[in-house]
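**Student:** Please work out how this folds:
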Amino acid sequence: MTAPAYVPPREPLLRLTSVGLYCPAGDFYIDPQRRVERAVTTHAHADHARPGMGAYLATRASEELLRRRLGRSIRLTALPYGRSLNLGGVRVSFHPAGHILGSAQVCLEFRGERWVVTGDYKLEADPTCEPFVPVRCHVFITETTFGLPVYRWLPQAVVFEQLNAWWRANREAGRVSVVYAYSLGKAQRILAGVDAGIGPLYVHSSVASMNEGYAAAGVALPAGIQVIRASQPPPAGALVVAPRNTEHARWMSRLPDVRTAFASGWVLVRRHRPAGDPGFVLSDHVDWPQLLAAVEASGADYVLATHGFEAEVVRYLRERGRRADVLGVLRLN
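**Tutor:** You can find the predicted model right below:
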């Protein structure tokens, strides 16, 4: 006999507040936007891990990254993936999200209910972080950053072939190649994926700091990566990985011949691609097929969508008979 569909209780396990997702039973927030006493943190990106919390709960794999970003003295409890902690009667555990090093889905279990908050996630393999692990649940809260059918990623092997070919052509022309990418997550994925035999690798200091955090977690990156110095800009043939806000840096102005590119899922759509610069479609978020696969793998009776194309994803799921809403239905008035 098929089990009856899950019916959300009148008092749901999570509530959406002006500060963020709040769990009344456990008295904690997930990725809060302002200071709270107890923050459950999905990963170390700045829009999820903010400074000033009374105490943090996060994965052990993200500990070094969080301390580098938020300060050595933060009160942090670091859990291995899969191990649970009881917070006010709510059993909390972390499970790999595949987004960046240490990223986690948060599983909450309380009075027979199981909710999973994905944070940011991807299903594609990535040598710099733990692969996504589906968690069966009643309620699945998914990001929808790229929640439209147009967003379908090429296999990353193809993307790196494109990037390597671009770098190789620039090297043969005596140019420096600069790829703009987030300092945490995307930069390390690029460094691990390119052909380091083409030429020397350089990174911005912000990328170098995150690389050290990856090294502390045992993630191998190519040997010999050098940090950019204004007094000694990268030589011709080098590949530089740096954040976008460095495009007007002093060292950039000293390069005799340079070509720049962007690595992002957004460049799949032409209007997001800077004129004249190639875009390599490399995202650390799920594309449309991955999102649907993750929803299916969760086995959830109820799906809540957030952070992106929520309405479009909810409409698609409802048209196919799945119970779904935007996360705003949990808003605490």
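
**Student:** Show me what counts as buried in stretch 147-162.
**Tutor:** Within stretch 147-162, the residues that qualify as buried are 147-148, 151, 153, 156, 159-160, 162, counting by 16 or more other C-beta atoms under 10 Å. The way it works is simple: take the backbone N, C-alpha and C, and place the C-beta from them, glycine included.

**Student:** Among these, pick out the one closest to Ile225, please.
**Tutor:** Each of the buried residues of stretch 147-162 was checked against Ile225 using C-beta to C-beta; the closest is Phe160, at 16.8 Å.

**Student:** Just to be sure, Ile100 is in a strand?
**Tutor:** No: assignment of Ile100 by DSSP: H, G, I helix; E, B strand; the rest coil gives coil, placing it outside any strand.

**Student:** What separation is there between it and Leu201?
**Tutor:** Distance of Ile100 to Leu201, computed by C-beta to C-beta, to the nearest Å: 19 Å.

**Student:** what do you get for Val313?
**Tutor:** In terms of C-beta to C-beta, Val313 sits 38 Å off from Leu201.

**Student:** more crowded one of those two?
**Tutor:** Using other C-beta atoms under 10 Å, the more surrounded residue of Val313 and Leu201 is Val313, with 24 against 20.

**Student:** so what's that one up against?
**Tutor:** Shown in contact with Val313 (C-beta atoms under 8 Å, 6 or more residues apart in numbering): 142, 144, 147, 291, 305, 324.

**Student:** Among those residues, which lie within strands?
**Tutor:** When strands are assigned by DSSP state E, the members of those inside them are 142, 144, 305, 324.

**Student:** thinking the first one is in contact with Glu296, fair?
**Tutor:** Yep, that's Thr142 we're talking about. No: because the distance of 11.4 Å does not satisfy C-beta atoms under 8 Å, Thr142 is recorded as not touching Glu296.

**Student:** Neighbour count for those two, which is higher?
**Tutor:** Thr142 (30 against 12).

**Student:** Grab the nearest non-local neighbour of the more buried one.
**Tutor:** Leaving aside its sequence neighbours, Thr142 sits nearest to Thr118 (C-beta to C-beta, 6 or more residues apart in numbering; 5.2 Å).

**Student:** check contacts around that neighbour.
**Tutor:** With contact taken as C-beta under 8 Å, 6+ apart, Thr118 is in contact with 97, 105, 140-143, 294.

**Student:** about what we covered before: I'd like the ones in strands among the contacts of Val313 laid out as CSV, including distance to Tyr180 and pLDDT.
**Tutor:** Compiled in CSV, the ones in strands among the contacts of Val313 are given as follows (distance: C-beta to C-beta, whole Å; pLDDT from 0 to 100):
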residue, distance to Tyr180, pLDDT
Thr142, 28, 98
Thr144, 24, 98
Ala305, 29, 98
Ala324, 35, 96
